[in-house]
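1. predicted coordinates and the sequence they were generated for:
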Amino acid sequence: MSTQPIEITSPAILANIASTPATFLMCPPKLYDVNYVINPWMAGNVHASSRTRAAEQWQRLYEAVRTIADVQLVEPQPGSPDMVFTANAGLERNGTVAISSFFHPERQGEEPHFRRWFQLAGYTIVDTPRTTPFEGEGDALFSTDGTRLWVGYGPRTDSSSHTPLRKIWNIEVTSLHLIDPRFYHLDTCFAPLAGGYIMYFPEAFDKASRAKIEAFYPSEKRIIVSESDAICFACNAINVARTIILNNISIDLRNQLESRGFNIIEVTLTEFLKAGGAAKCLVMKLSRPEREAASLAS
Ligand code: ARG
């Protein structure tokens, strides 16, 4: 295997990154807890997480993210212990945010809090219908080249919620069927990476969805994650340019990623695994709202 780092970003992309640094929304875990069971990871873990350890792990993640991006914070709210998983707040692009409609009543109380945050920050809000649940960036990820939106469905997001997304951003939407309850959100088993790579756990998808992934990403761009890494949330990765931030992974996967030119930052996130989330679930990608962009330009 070549040890030569591979050039993964074009000068144009690098210039773009320099002018508009990545921004993520995070929510401090002051009120984080496992209070109910809405995914297999939470079973047996109700009130079993340590808020002190969670705070330390989150702080390390926050500091790691701050090395590659700006971070905005949303205040945690009583009664919404999963609010720390901001990936589920909605999906944002070009100043427009589609606010999530959660499948489980346990998380529906988060919706008005996230909605208010986006409204105050100047984003254009699009509400998604309660009848067709949509769980935001947890289930909807743009390909790194921005040409396509991959949307997971099955455990949480309803496949009928995908059509409005296509209209909002006038973008090609490809639906992927999630069939393993452990990988109940797309971002638990699928990570588009810079350089046109995809890191994923194929067994989480049905045959037709695997074929769609293989049709878009040529085999040399597919990084297949083993089950043992997948259940440590290896695919739940934050990626900005060459850097990937994620929970602890195997040496083998780390070598595979490094040989493709990525810098790996591992942050232990065991307290959040108890609720079924890790690095990527704890952030939501943001671009500037149009109002802010306009005022900066004037
Ligand atoms: N306990 C949360 C839930 O089940 C975890 C959410 C994880 N978020 C994610 N984007 N995968 O909804």
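-> Arrived safely.
2. note down every partner strand of the host helix or strand of residue 141 and its orientation.
-> Following DSSP states H and E, one finds residue 141 within strand 140-142. Partner strands for strand 140-142, per DSSP bridges, with pairing direction: strand 148-153 (antiparallel).
3. give me the contacts around the partner strand.
-> By CB atoms under 8 Å, 6 or more residues apart in numbering, the residues outside strand 148-153 that reach it are 139-143, 157, 159, 161-162, 165-166, 169, 171-178, 185-186, 190, 192, 216. Every C-beta, even on glycine, is put in place using the N, C-alpha and C of the backbone.
4. please pick the buried ones from these.
-> Taking 16 or more other CB atoms under 10 Å as the criterion, what is buried in those is 139-143, 157, 161-162, 165, 169, 173, 175-178, 185-186, 190, 192, 216.
5. just these that are near the ligand?
-> Among the buried ones among the contacts of strand 148-153, the ones lying near the ligand by CB under 6 Å from any ligand atom are residue 185.
6. in strands, which of the buried ones among the contacts of strand 148-153 fall?
-> The subset of the buried ones among the contacts of strand 148-153 located in strands under the criterion DSSP state E comprises 140-142, 173, 175-177, 190, 192.
7. the longest helix along the chain and the ligand in contact?
-> Looking across the chain with DSSP state H, the single longest helix is helix 51-66. No: counting by CB under 6 Å from any ligand atom, the ligand has no neighbours in helix 51-66; the shortest distance is 12.7 Å.
8. how many residues are close by the residue in the stretch 1-150 of the chain that the ligand sits nearest to?
-> The ligand sits closest to residue 138 of the stretch 1-150 of the chain, with a gap of 2.9 Å, by CB to the nearest ligand atom. Per other CB atoms under 10 Å, the neighbour tally for residue 138 reads 29.
9. what sits against residue 142?
-> 93, 148-150, 171, 192.
10. okay, those in TSV with distance to residue 79 and pLDDT next?
-> Shown next, in TSV, are the contacts of residue 142 (distance: CB to CB, whole Å; pLDDT from 0 to 100):
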residue	distance to residue 79	pLDDT
93	29	96
148	36	96
149	31	97
150	32	98
171	35	95
192	33	98
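11. which of these lies closest to residue 53?
-> residue 192 (30.4 Å; CB to CB).
12. now do the same for residue 222: its pLDDT.
-> Note for residue 222: predicted pLDDT of 98.
13. likewise for residue 295?
-> So residue 295 comes in at 56 (pLDDT).
14. cool, and residue 260?
-> pLDDT recorded at residue 260 is 98.
15. burial measure for it, as a count.
-> Using other CB under 10 Å, residue 260 is surrounded by 20 other residues.
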